[in-house]
Structure formats: structure tokens, C-alpha cells
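A.B. asks: Pasting a predicted model and its sequence here:
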Amino acid sequence: TDADMHAEVVVLGSGPGGYTAAFRAADLGKQVILIERYQRIGGVCLNVGCIPSKALLHTAQVLNETKHMAQNGVSFGEPKIDLRKLADWKDSVVGKLTGGLQGLAKQRKVTVVHGVGEFAGPNALKVTTDDGVKTISFDNCIIAAGSRVTKIPVFPNDDPRMMDSTDALELEDIPKRLLVIGGGIIGLEMATVYNALGSKISVVELQDSLIPGADKDIVKPLFNRIKEQYEAIYLNTKVSKIEPLKSGLKVTFEGDNAPEPQTFDKILVAVGRSPNGKLINAEAAGVAVNDYGFIEVNKQMQTNVPHIYAIGDIVGQPMLAHKATHEGKVAAEHITGRKVAFDAMTIPSVAYTDPEVAWMGMSEDEAKKQGVDYVKGAFPWAASGRSLSLDRDEGLTKALFEKETGKLIGAGIVGPNAGELIAEAVLALEMGADAEDIGLSIHPHPTLSETFAFAAEMAEGNITDLM
Ligand code: FAD
């Protein structure tokens, strides 16, 4: 052919899905090219997502805890924040990881091509690089082009005071009054950061609860805590207009409890992410993309064109890094002839707010909707010695079991470190554990992890098989 380059496997996009797939395919003996439009590989997660946000959330936690300790006899005085130094540290964390990935790519002889890729046919991509357009042909392709921030077109998005999550992570300044539009995970994580750094925060959410998708009882402790710390939280409310004025951004709200128009110094819009399916000329390869821009795949991660696979944010919800990596492995292994399927029993979700909110398996709302006969064990952290030692009592661990068999079907945890704790519930679900298995497993004392065993014990008495 007249292609400039050829690879057995070409991966489009170097996020957690793409680099995992590329590395796995290379480890299994394939010759691999990884295409990435940005200079740094690692995608949204490493560069402008999971990792930089967690570095800043750690900072928020230190600020919150040291401030709080004044009540208990230890004061540190007013924190002095050197924003540039903080941003540099955050960037250095990202740098270590993306640099590490580059090394791993080299070790595995994965060729990284920097440029914007789009399909030129069912076996070729056109990549626009700094030295012109290159055609790369492939036997198999894995689309891992991810997602981008969703913009609301009627907002004055070009105003420098309007931020998306990427802008917010830059830490340009600490606005006096910050409005966060969207009470989902990303909006609330960035609200946590800016609140700790000293901004007055208002959050506006269209739905009747923050973090829609999680059960209300595990969101409530977060809501109650941040309600005290933030200027305002408006639920069931919509932002209908934003006017850029010299004095700030004037915001008009809509809804039954909508406040009067107000002016904010900056606004963070965090209303979701849109898949990049329509930006890669997929039709040239015959790959079907739906109206939203998602690419549909089977359990082997194959698109409607069987030698072309798709993984990660571009194939659907939940848009999470750990889903993308697992899908990436499945795609790479299937290409190399292994009998595999993406068949997770659950994909856990975590909001790394303060307190953290984490859930997995079936939510209680879903169980009710589906008419599942379940038993609930719920252990309040006000009775956990470890939680009280952290001077925190708002947490809750809840576990849902099938009434007949006692098998775990879902769990939700809110409290410090809930994101770490939920992993045990995921393992229990994948292993088919029942309430007795969990209750009988000796957990170290005093830990927050005990609360999961206590929740299971509380449910045991109501499980048919154990009665
Ligand atoms: P992406 O990470 O989106 O990577 C796609 C890559 O493809 C990008 O590097 C892009 O430049 C490249 N690309 C796209 N099109 C082309 C093209 N045509 N040519 C060349 N290159 C292209 N998830 C979690 O699980 N935990 C978290 O804590 C978490 N925190 C987050 C915080 C924020 C602020 C944000 C925005 C997201 C967060 N996420 C988190 C979500 C997570 O980042 C994504 O789910 C994950 O990055 C998806 O991986 P992916 O491989 O599908 O694609």
C-alpha cells in the first residue's frame, strides 16, 4: 500500500483506555502504534482529570483538617498559599506519571505518533502531525479517543472568567465568589478545592439532589456538611442566563426556589462530558456512531466493523478511568485471539469530596425500581471509634443483600476514605459473598473498614437462609 506507516494494532488516543490497550497488545506480541494529538500521553485522566484533581483535593483535605483542629486545641494560624508553587507541585505529579508512561511505551517498543487522527478507510487513519499528514494503515484499530467537556452554547464561554474543569485545575487565582454549575462529581470535587483555598462557593444543580445516580441517603451527609461551608446550594434550579459585566458575571436563575440574579467573580461549568465519536471521521471506516457521539460495541469491545474496537468514554457511561482500562485490556486480548469479554459485575463510582461518596453494584433506588427483595444493613459512623477519632461522625456504610440468599447486591459508603473502602465491597460482589461471609471476615480494629462488616452483621438477622 501507499501508507507511510503500518502497524498490526493502531490505538487512537492515549488515555487510560488507549495506553492500557497499547501496552497489553505489545506485551502479547503485537506491533503497536499509539496516536495522540497532545505532546503528553495519558489522556484526560492523567493530564486534566483524575490525577491533578486528586493532588489538589489532598491539599484541600490538609487545609480543612488543620483548620478544624483549632476546635480541639491545635492551631496552625492562617494558611499562606503560594498558588504558583501549589500548581507546580500538581504539575510535577502529572509529569512523573506521563513521563513514566512514555518510558513504558519505549520499553515495549510502542511507537507514539503525535498528531490528530481520523479514519481514511476501514484499514487506515490519516494523522495530521507537525511534519504533515501521514497515513497509517492497520490490521486492527482500537478507538480510545475519549470525551471532552460539554459546553452550553448560550453561555459566554469565551469570557476568561468562565471556567471548565481544565481551566479550574490551572489554579489561575482564587475567585472571591465562585459559582459551580453542575452538582455532579467533577463540579463538587472542584468546589471542595476552591472552598478550601478560600473561595465562597455556590452550587447550582438542575436535579433534586447532588450527585444524581447515588442514593440520596449516602449523599445527604455530604450535602449537610457542605451546606454549612458553602454560601449556597440551589437544587432543582437552572441557570438561564449569564451576562458578562465589568464587575463580574451576572447570573439569572430559573426554578421554583430560584434566587434573585447575582454576580460572581468566576463560574465553573461542570455539566458533563461529550464523547468524541463524531470527530474522527468514523464513517470512512464504516464504524457506526450514535446521535450522542457514542460508539456501540459488543462485550469484546468490537464495533460494527469487527476488526475495529472502541473503549473508554467514547463507548458510553460511566465515563470512568477504571472502566476504560479494563475495556482496553479486553480489546487488546481479543485482538490477540484470547477468549475474553468485558463482563464486570459492577463498576464502582467515587466522588472524592469531603466526605467522600462511593457506591457500587445496585443502588437502593434501582433495587426498589426493579422490585428486588432485599435486606439492608446500614452502619452509622457515629458508632465507629475510628471515625470519632478522626473527629468525624457523619459517615454511613450501607450494604444491600438479596433477601433469599443473603448475597451482596450493592453497597454505598459516605465518609472520609469511602473511595478506598468501596473496593472491598466490589471484591465481595465479584466473589459472590453473602452477608455471613462479610460479617465473619475479621476486620482490623479500629478501622473504617469494620463498618462494612458491621453493616453486613446488621442485615444477617433478616436473611431468609440464615433464619
Ligand atoms: P481520555 O482520557 O479522554 O483520552 C483520550 C485521548 O485521546 C486524549 O488524550 C485525546 O487528546 C486523544 N484524542 C482524542 N481524539 C483524538 C484524535 N482524533 N487524534 C489523536 N488523539 C486524539 N475518572 C475516574 O475514574 N476517577 C476520577 O477521579 C476522575 N476524575 C476526573 C476529574 C476530572 C476533572 C475529569 C475531567 C475527569 C475525571 N475522570 C475520572 C474521568 C476520566 O478522566 C475518564 O473517564 C478517562 O480519562 C477516560 O479515558 P479514555 O481512555 O476513554 O479517554
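C.D. replies: Received it, and whenever you're ready, just let me know what you need. Numbering: from 1, shown residues only.

A.B. asks: Can you read off the pLDDT for the closest residue to the ligand within the stretch 301-450 of the chain?
C.D. replies: In the stretch 301-450 of the chain, the residue found nearest to the ligand is residue 312; the distance is 2.1 Å by Cβ to the nearest ligand atom. Glycine gets a C-beta too; all of them are placed from N, C-alpha and C. Residue 312 is assigned 98 on the pLDDT scale.

A.B. asks: okay, now it: neighbour count?
C.D. replies: Residue 312 has 35 neighbours, counted by other Cβ atoms under 10 Å.

A.B. asks: That one: what's it in contact with?
C.D. replies: Applying Cβ atoms under 8 Å, 6 or more residues apart in numbering to residue 312 gives the contacts 13, 15-18, 144, 146, 319, 323-324, 327-328.

A.B. asks: Likewise for residue 219?
C.D. replies: 209-211, 357, 414.

A.B. asks: again, only this time at 6 Å
C.D. replies: Residue 219 is in contact with 209-211, counting by Cβ atoms under 6 Å, 6 or more residues apart in numbering.

A.B. asks: neighbour-wise, which of those residues leads?
C.D. replies: Neighbour counts for the contacts of residue 219 (other Cβ under 10 Å) peak at residue 210, which has 27 neighbours.

A.B. asks: Please report phi then psi for that residue.
C.D. replies: For residue 210, the backbone dihedrals (degrees, to the nearest 10) come out as phi -70, psi 160.

A.B. asks: Check the one 5 residues further on too.
C.D. replies: According to degrees, to the nearest 10, the main-chain angles of residue 215 amount to phi -60, psi 150.

A.B. asks: What sits closest to the residue in the stretch 151-300 of the chain that the ligand sits nearest to if chain neighbours are left out?
C.D. replies: At 3.8 Å from the ligand, residue 165 is the closest residue in the stretch 151-300 of the chain, using Cβ to the nearest ligand atom. Closest residue to residue 165 apart from its sequence neighbours, by Cβ to Cβ, 6 or more residues apart in numbering: residue 186 at 5.3 Å.

A.B. asks: Secondary structure of that neighbour: a helix, I assume?
C.D. replies: Yes: according to DSSP: H, G, I helix; E, B strand; the rest coil, residue 186 belongs to a helix.

A.B. asks: Near it, how many other residues are there?
C.D. replies: Neighbour number of residue 186 under other Cβ under 10 Å is 22.

A.B. asks: Residue 270 is in contact with that one, correct?
C.D. replies: Yes: because the distance of 4.6 Å satisfies Cβ atoms under 6 Å, residue 186 is recorded as touching residue 270.

A.B. asks: between the two, what contacts are shared?
C.D. replies: Common neighbours of residue 186 and residue 270 (Cβ under 6 Å, 6+ apart) are residue 165.

A.B. asks: which ones among the contacts of residue 312 are found in helices?
C.D. replies: Counting by DSSP state H, the contacts of residue 312 place 16-18, 323-324, 327-328 in helices.

A.B. asks: Export the residues you listed as JSON lines, with columns for neighbour count and pLDDT.
C.D. replies: As requested, those are exported to JSON lines (neighbours: other Cβ atoms under 10 Å; pLDDT from 0 to 100):
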{"residue": "16", "neighbour count": "30", "pLDDT": "98"}
{"residue": "17", "neighbour count": "33", "pLDDT": "98"}
{"residue": "18", "neighbour count": "29", "pLDDT": "98"}
{"residue": "323", "neighbour count": "23", "pLDDT": "98"}
{"residue": "324", "neighbour count": "27", "pLDDT": "98"}
{"residue": "327", "neighbour count": "25", "pLDDT": "98"}
{"residue": "328", "neighbour count": "29", "pLDDT": "98"}
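
A.B. asks: Contact residues of this structure facing the ligand?
C.D. replies: For the chain, the contact set with the ligand under Cβ under 6 Å from any ligand atom comprises 12-18, 35-38, 43-45, 49-50, 53, 116-118, 144-147, 165, 186, 276, 280, 312-314, 319-322, 324, 352.

A.B. asks: circling back to that earlier point, farthest pair in the ones in helices among the contacts of residue 312?
C.D. replies: Farthest pair in the ones in helices among the contacts of residue 312 (Cβ to Cβ) is 18 and 323. Separation: 13.3 Å.
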